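Engineer: Prediction below, plus the sequence it came from.
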Amino acid sequence: MDMLWSGWGDPAKAAPLPDSVTGLLRDLLGVKPRDTDARALDEISVPESSLDPATSKALADAVGGGAHVRTDAESRIRHTRGKSTPDLLRIRAGDVEDAPAAVVLPASHDDVLAVLRVCAEHGLALVPFGGGTSVVGGLAPERRSFVALDLRRMNGLLDIDPVSRTATLQPGLRAPDAEALLAEYGFTLGHFPQSYEWATIGGFAAARSSGQASAGYGRFDEMVLGLTLATPEGTLEVGRAPRSAAGPDLRQLILGSEGAFGVITAVTVRVRPVPHTRVYEGWRFASFEEGATALRRLAQDGPRPTVLRLSDETETLIGLAQPDAIGAAQVPSSAGCMAIAGYEGTEEDTTYRRARAAEVLRAAGGTLLGAEPGERWAHGRYSAPYLRDSLLDAGAFAETLETATFWSRIPELYAAVRTALTETLTAAGTPPLVMCHISHVYENGASLYFTVVSAQGDDAVAHWEPAKRAANEAVLNAGGTITHHHGVGTDHRDWYVREAGPLGVEALRAVKRRLDPDGLLSPGILLPVD
């Protein structure tokens with residue numbers, strides 16, 4: 001099944017907002033119902049494909065026939081941009097001027113190499129397409145004439161090594177399918193980002209994804225042991241051992257490259273036994289500062305839960321700490337902040353870590369709320385994108401952004417981004433509700449994930465752009481990284497260039513020139529066009 005073309009995920013899971021929430025949006029933010037409905041798919045006019053017959057035939061020959069080269073309107077619309085709020089608002093309004101000229105579906109590494117040769121011969125740009133879940137412009141190249149390389153046919157488990165606990169997966173394999181295949185052997189990847197239901201293995205690697213259980217399982221880039229990359233110049237295979245001192249780690253060059261250096265065609269990852277026990281519980285803290293201190297103590301001195309996250313006062317009050325219970329917070333408004341701690345593993349290990357962590361959380365000022373808040377979070381952990389769509393349907397604007405920094409800088413970064421968003425959107429006549437949570441913790445720092453809700457205004461996309469720029473500036477000025485797990489894409493590219501510095505960017509340009517000398521791969525994504 002394809003994802004909803006004008007929103008997120010499975011259309012059957014979308015639900016209108018309850019009256020209590022629409023009333024809150026109206027009274028608090030001045031949100032008004034939309035005057036017009038979004039266009040239907042068959043009402044959208046797509047520019048004529050720029051693919052000439054010779055190129056179309058060459059691509060078809062590369063992937064085993066014309067059935068795997070699609071130029072129909074629906075296929076091209078479904079591969080237009082990603083799933084950020086501006087992406088959705090534009091496509092709902094019928095703006096598909098930057099639709100790909102064609103959608104090409106390879107079935108193997110050799111197919112991908114053949115497609116790259118055709119693109120090089122015909123001067124055609126190419127953007128790899130996995131689940132289509134990018135929210136940072138990662139599927140929107142600067143060149144108008146390009147093909148989307150849909151990797152859905154490359155969706156297998158290539159190898160499993162139960163002794164070493166490794167598995168080799170193809171890039172188009174969606175996360176739930178990967179989990180099902182691994183479970184047959186008693187293993188799990190343990191990677192559960194909010195995009196889990198739709199995102200793919202290749203996308204996780206290309207964007208340095210981080211899952212909600214990262215405190216226990218680690219980020220995806222920490223799970224990757226080997227990679228195969230198809231480039232216009234040939235094949236690059238990296239990763240012969242779990243760790244190596246044989247020069248700089250080329251895996252790290254491919255991880256996070258977002259299709260700019262090549263197309264990931266296989267990923268070898270570490271896997272772990274399926275846990276016997278999963279327990280999630282809620283904790284209350286009087287303030288975000290107090291809760292952050294508690295999370296830091298667990299991250300630094302342990303025992304570290306598998307899942308560890310903290311919502312600020314606003315997010316807790318609104319109920320976004322449990323997205324499927326939005327508008328119906330489970331604790332009084334005076335209750336401060338809600339934290340979720342989750343434990344996965346053997347029953348013995350889970351019981352031990354839970355008891356020891358509880359000692360730390362109580363000593364830091366936490367009050368146990370029991371299992372119900374934790375289980376509600378686990379049940380609704382993938383609901384937020386659907387909630388975003390419902391907010392858009394109701395006439396509200398809703399978007400997210402994220403960053404990370406060292407523990408000592410968390411308060412400054414938190415305040416700076418909130419201030420930038422609030423002041424910019426208020427000045428534009430759409431005062432926002434700004435919420436935040438910590439969802440990924442490390443010994444030395446943590447991530448901050450912001451959710452912004454406001455009225456859409458006369459032009460929702462135009463009113464968001466200065467707010468996003470202001471937030472990006474605030475992130476860099478306060479010592480944060482421009483992205484923790486969403487990726488760079490085009491939305492963060494100019495700030496990433498500043499974060500990496502001139503010499504760093506030139507080093508990456510040199511890599512791109514060697515692997516992609518004609519600049520055909522994801523032009524303008526990650527790096528400016530040379």
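Structural biologist: Noted; the coordinates are in hand.
Engineer: Identify the residues contacting Asp161.
Structural biologist: Ala167 (Cβ atoms under 8 Å, 6 or more residues apart in numbering). Backbone N, C-alpha and C define where each C-beta goes, glycine included.
Engineer: which residues pair with it across the strands?
Structural biologist: Thr166 (DSSP bridges).
Engineer: Can you show me the strands along the stretch 1-150 of the chain?
Structural biologist: 69-70, 102-104, 125-129, 146-150 (DSSP state E, counting those that start in this stretch).
Engineer: Ser408: which of those strands is closest?
Structural biologist: strand 125-129 (38.0 Å; Cβ to Cβ).
Engineer: Just give me how far that closest one sits from the chain centre.
Structural biologist: 18 Å (Cα atoms, centre = their mean, to the nearest Å).
Engineer: got a list of contacts for that strand?
Structural biologist: 79, 100, 103, 115-116, 119, 139, 141, 143, 145-151, 171, 202, 206, 259, 263-264, 520-523, 525.
Engineer: Buried among those? Need that as a selection in ChimeraX.
Structural biologist: Here is the ChimeraX command that selects the buried residues among the contacts of strand 125-129 (16 or more other Cβ atoms under 10 Å):
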select :79,100,103,115,116,119,139,141,143,146,147,148,149,150,151,171,202,206,259,263,264,520,521,522,523,525
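Engineer: just checking, which of the contacts of strand 125-129 belong to helices?
Structural biologist: 115-116, 119, 202, 206 (DSSP state H).
Engineer: Now render these as a markdown table, adding pLDDT and distance to Glu222.
Structural biologist: Listed next are those as a markdown table, based on pLDDT from 0 to 100; distance: Cβ to Cβ, whole Å:
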| residue | pLDDT | distance to Glu222 |
| --- | --- | --- |
| Val115 | 98 | 31 |
| Leu116 | 98 | 29 |
| Cys119 | 97 | 32 |
| Gly202 | 98 | 17 |
| Ala206 | 98 | 15 |
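Engineer: Between the residues you listed, which sits nearest Arg92?
Structural biologist: Using Cβ to Cβ, the ones in helices among the contacts of strand 125-129 come closest to Arg92 at Ala206, 26.5 Å.
Engineer: List the contacts of the closest one.
Structural biologist: Ala206 touches 128, 130, 255-259, 264, 487, counting by Cβ under 8 Å, 6+ apart.
Engineer: List just the nearest of these to Leu236.
Structural biologist: Set against Leu236, the nearest of the contacts of Ala206 by Cβ to Cβ is Ile264 (10.0 Å).
Engineer: residues touching the nearest residue to Ala15 once chain neighbours are set aside, list them.
Structural biologist: The shortest distance from Ala15 to any non-neighbouring residue, by Cβ to Cβ, 6 or more residues apart in numbering, is to Ser390 (6.4 Å). Residues counted as contacts of Ser390 (Cβ under 8 Å, 6+ apart) are 14-17.
Engineer: what do you get for Glu443?
Structural biologist: Per Cβ under 8 Å, 6+ apart, neighbours of Glu443: 299-300.
Engineer: how near is it to Gly374?
Structural biologist: 24 Å (Cβ to Cβ, to the nearest Å).
Engineer: my guess is Phe261 meets Arg513, correct?
Structural biologist: No - using Cβ atoms under 8 Å, Phe261 is not in contact with Arg513, being 10.4 Å away.
Engineer: more crowded one of the two?
Structural biologist: Each of Phe261 and Arg513 has its neighbours counted (other Cβ atoms under 10 Å); Phe261 has more, 24 against 12.
Engineer: Grab the nearest non-local neighbour of the more buried one.
Structural biologist: Leu515 (5.0 Å).
Engineer: repeat for Val505
Structural biologist: Val497 (5.4 Å).
Engineer: which SS class is that neighbour?
Structural biologist: State at Val497, reduced to three classes by DSSP: H, G, I helix; E, B strand; the rest coil: helix.
Engineer: what pLDDT does it get?
Structural biologist: Listed pLDDT for Val497 reads 98.
Engineer: Make sure Pro411 is actually in contact with Thr293.
Structural biologist: No - Pro411 is beyond contact range of Thr293, at 10.5 Å (criterion: Cβ under 8 Å).
Engineer: What residue, apart from its backbone neighbours, is nearest the residue positioned nearest the centre of the chain spatially?
Structural biologist: Central residue of the chain (Cα atoms, centre = their mean): His486, 4.3 Å from the mean position. Nearest residue to His486 in three dimensions, chain neighbours excluded: Val136, at 5.0 Å (Cβ to Cβ, 6+ apart).
Engineer: any idea how far the helix or strand that Thr419 is a member of is from the chain center?
Structural biologist: Assessed by DSSP states H and E, Thr419 sits inside helix 410-427. Here the centre of mass of C-alpha atoms in helix 410-427, compared against the chain's by Cα atoms, centre = their mean, lies 22 Å away.
Engineer: go on, stretch 281-293?
Structural biologist: 25 Å.
Engineer: buried stuff in it?
Structural biologist: Under 16+ other Cβ under 10 Å, the buried positions of stretch 281-293 are 281-285, 288, 290-292.
Engineer: Sort out which one of those residues lies nearest Lys468 for me.
Structural biologist: Out of those, the member with the shortest distance to Lys468 (by Cβ to Cβ) is Phe288, at 22.9 Å.
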